[in-house]
Structures are given as structure tokens and as C-alpha cells.
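**Q** Predicted coordinates and the sequence they were generated for:
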Amino acid sequence: MKIRLGLLGPSDSIEFVEAVLKNWPEFIFTSIECLAQEDLDEKVTPLLMEEMDMWLCTGPITYNIVQSWNQLKTPVFYVMYKGSSLYKTVLKVLYEHKIDVNEISYDAGNSDAWEQALVEAGIEVKPKFVESETISLKELVHYHFKLWESGQTKAAITGHPIHHELQLLGVPTYRLFPSSMAVEAVITNMLRTYEMLRYKATQIAVQIIEIDPFLGIAKNNFSTDELFRMELKIMEHLLTYTKSIHGSIKSTRFGRYVIFTTRGLMEDITKNFNQMPDIEDFTPLDQEAMTCGIGIGQTVYDAEINAGNALLHAKECGKGSWMVCFDDKKIAGPLGKPEQLTYSYTSEELEALSQKTTLSVMTLNKLKSSLKKLASDELNANELAKYMQIPARSARRILTTLEEKGFAEVVAEEKPHTRGRPRKVYKISPF
């Protein structure tokens, strides 16, 4: 099977990388000239993004543009500038301008990479002006130009399009190009990653679905025959869904079903475990009555165990919730909710904290994930309840326990918009 690769960068760098890629028949590549984010907006369409298995940027500057754009969902790689691709450019500058190493400004690599390149060239000097932070192209041009204008440097080494802009400003500028070895190194890494992703896609996925058929039905408004008809209707819909994911289904008891498929197919139908799948003919009420745990594993047994764990977590979040448990014991969900979390229920560090606080490792992991998603260590019980998908009283109990054990403190009180007692704002200690 061919790997569909999107190649991004300046046209001359693309030509160089294409020449190396032609020796690797595993790849079919589509080249797109990219000098700025506007090029990505114009040329990288949603359809093209769907078609590509991977993306390769011809250098770190293009990679930074792609990362800032933040639209590509498949793996993105870039060719690193190191070794000979760095020191051959330095030697050319030194030979043509007869200047000192510290009279050159550098980017496209950190200080260690440039120092190592100089050592390989036999130059025992640490470079003085190296910009390695991920900043905008405009800022990089400004960085090199100001050093040259003030007389601190006499030349710059960078990549395209900064190279072109600096030349227009009159700065002696030298363009970095990748080496063949650097391109081959990233190609090898891409092949390994692709094999890993293919292996993961063939892992077993098991869904345990529990359906409450009585939701929305008045008491005493059903009979044994009615239950049987509901069972047939549910199974009919689930069979259609199971066929769409090329799986198999079995009923373990009334209202509980187990579906077997592969991880790759589940990733596709849930948009990489972010959305709930669309099960044909199920109404919003049906969806609300359906709670599901998805388990991923190397074997059917492992996947079923993980699916059971995911279902327990889904039930904690309420009817209609879907959760997934991966083979590394990480839990993600509820699918389709903006407050979706990813956390693990195994951790030696959290095991120790669990013993000190009496809170379960799972609870502590969900708390840790909530704080990360909030990007803050301060929150009230209502915020915690929202992100952990638990009742507010349970959130208050967690925060009170942490406070009693010295892992949280009250730092403020908020007055609610309606009548009621003030809400305490807690600051959580790092863990």
C-alpha cells in the first residue's frame, strides 16, 4: 500500500526533497509551495487533508507555519537542518566574507545544533547570535536586520522566505538547504510511524452498549410482547450500524449488546474518538438512552475488559455518554462533548496521592485532566463538576477533601447571580 504524502515548503527545497523521495517507492507525494499561512489557506483544502496520510515540511520554518495554522490532523514531519547542512553554509560565509563566527546571525536551529556543527567543521567557537524560538517570519527578519544594521553582525544564515526579505534589505544572507542524509532520516522515521499507525488500526475494538428501553415510556405501559418488539427494533438498528463498521454483534441480555470491530474503523466513524457515531434511525431520545464503553486491546479479551472499564466511566457521566479506554489504560470522553477529557486510571504517583487523600486514582486523574483543560489551578465546584461530568455535590466533596488534606486552599468566594450561598474558589496544589 502506498503512503500518500503532502510535501510543503519553498519550490527549490521541494525539488531537492522530491529528488530524494523518488528513491522511495513507498510514497506517492503531492507537492505544495508554501511560503506563508495564506498559501495553506488557499491550497490545502479539506478534501486534500482527507486524502493525505502524512505531511512533510522541507524545513523548520515551514513546519512552524504549519503548526501555527493548526489545521492538519494527520502526522506532520519536517527535515531538520543539522550536521553538514549547517557547517557547509558557515564555511561558505567565512570564506567569502572573511569574518568571525560571532559576526553571523543564525536561525533554523538552536545554539547546541549550531555549536555542534561548528565543532564538526573544526571551529571551537560558540555562536553568539542564534534565534531558536518559534517566532513569526516578520520577527525573524527584524531580528537579523537589527543586528546587521547596528553593526553587531555582517551576515545572516536563514531559510526561505526570510532569506529573500533580508536580501531586499541589503543584508548579506545565506540560504540553508537540507542535506540528503537529513531527508533520508526523516523518511525512515515516517515509514516507522506509518507502520505503527497501521498496527494500531488493526487492534481489536469492542463496544459494550447498554440501552434503557424504558426511557420516556410511562410505567405499566408495556407488556412482554412490547418488550420483545422493542428488542427487535433495537437489534435491527444496531445491525445496520454494525454492518457500517464491518463488525459483528451479540446480545448478552436485554438492553446490553457487544459489538466487535477494529480500532481503525472506530477511529474513522468517531472522527478519531472525538464524536459519537451516527447510528441510522436512532432518534435523539434513543441516543439519550444509549450508554457505551469502547475498549481497545491486542486481544478480544483485553479489549472487552477495557470496554467494561469505559462503560463504568460512561455511566458516571450519565445516560447517553460514550467513553473509550485505550490499551495503555487511558480513558477519553465523553465523545461529542466540549468538556471531553483524556486521563489514565493507572499511575504510581497518583497511587501515592490517593493514599494520602482517600480519593481514587481515577478521580485524581480526572481532576488533573480538568485542570489541564482549564489551564488554571483555581476553580470552583461548579466548574469542576462540569469538566469531570459529575454532580456539583461530588465536586464539592472532592475539593473539601483536598483542602482537609492540605492539597487545596480557598483563595476567594464568588457571589452567585441568583440567590444562594457564595461559591468557594479553590487553588489546587501541583501534583
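**A** That came in fine, so what should we check first?
**Q** Could you list which residues are in contact with residue 101?
**A** 90, 94, 118, 123, 125, 127, 128 (C-beta atoms under 8 Å, 6 or more residues apart in numbering). Backbone N, C-alpha and C define where each C-beta goes, glycine included.
**Q** try residue 88
**A** Not one residue lies near residue 88 by C-beta under 8 Å, 6+ apart.
**Q** What strand or helix carries it?
**A** Taking DSSP states H and E as the definition, residue 88 sits inside helix 84-97.
**Q** List the buried residues for that helix?
**A** 84, 85, 86, 87, 89, 90, 93, 94 (16 or more other C-beta atoms under 10 Å).
**Q** how far is it from where the chain is centred?
**A** 38 Å (C-alpha atoms, centre = their mean, to the nearest Å).
**Q** Note down every partner strand of the helix or strand following it and its orientation.
**A** Tracing the chain past helix 84-97, the next element assigned as helix or strand by DSSP H and E is strand 104-106. Neighbouring strands of strand 104-106 in its sheet, by DSSP bridges, are strand 129-130 (parallel), strand 155-158 (parallel).
**Q** could you point out which element follows strand 104-106?
**A** Going down the chain from strand 104-106, the next helix or strand is helix 111-120, by DSSP H and E.
**Q** export that following helix as CSV, just CAs?
**A** The C-alpha coordinates for helix 111-120 follow below in CSV (Å, rounded to 0.1, in the frame of the first residue of the first chain):
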residue,chain,number,x,y,z
SER,A,111,22.5,27.0,19.9
ASP,A,112,23.5,23.4,20.6
ALA,A,113,22.9,22.4,17.0
TRP,A,114,24.9,25.3,15.6
GLU,A,115,27.8,24.7,18.1
GLN,A,116,27.9,21.0,17.2
ALA,A,117,28.0,21.9,13.5
LEU,A,118,30.9,24.3,14.1
VAL,A,119,32.8,21.6,16.1
GLU,A,120,32.3,19.2,13.1
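**Q** need the contact list for the residue minimising distance to the centre of the chain.
**A** By C-alpha atoms, centre = their mean, the chain has its centre lying nearest to residue 73, at 8.0 Å. When contacts are counted by C-beta under 8 Å, 6+ apart, residue 73 touches 49, 272.
**Q** helix, strand or coil for it?
**A** With DSSP: H, G, I helix; E, B strand; the rest coil as the basis, residue 73 sits in coil.
**Q** Distance to residue 339 for the strands paired with strand 104-106 - can I get that in a markdown table?
**A** Formatted as a markdown table, these follow (distance: least, C-beta to C-beta, whole Å):
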| stretch | distance to residue 339 |
| --- | --- |
| strand 129-130 | 42 |
| strand 155-158 | 43 |
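**Q** Out of those, flag the one nearest residue 165.
**A** strand 155-158 (9.3 Å; C-beta to C-beta).
**Q** Contacts for that closest one, please.
**A** 61, 89-90, 93, 97, 99, 103-108, 140, 144, 147-148, 166, 171-176.
**Q** Flag every buried residue along the helix or strand following that strand.
**A** Next in sequence after strand 155-158, counting helices and strands by DSSP H and E, comes helix 162-168. Going by neighbour count (16+ other C-beta under 10 Å), the buried part of helix 162-168 is 162, 163, 165, 166.
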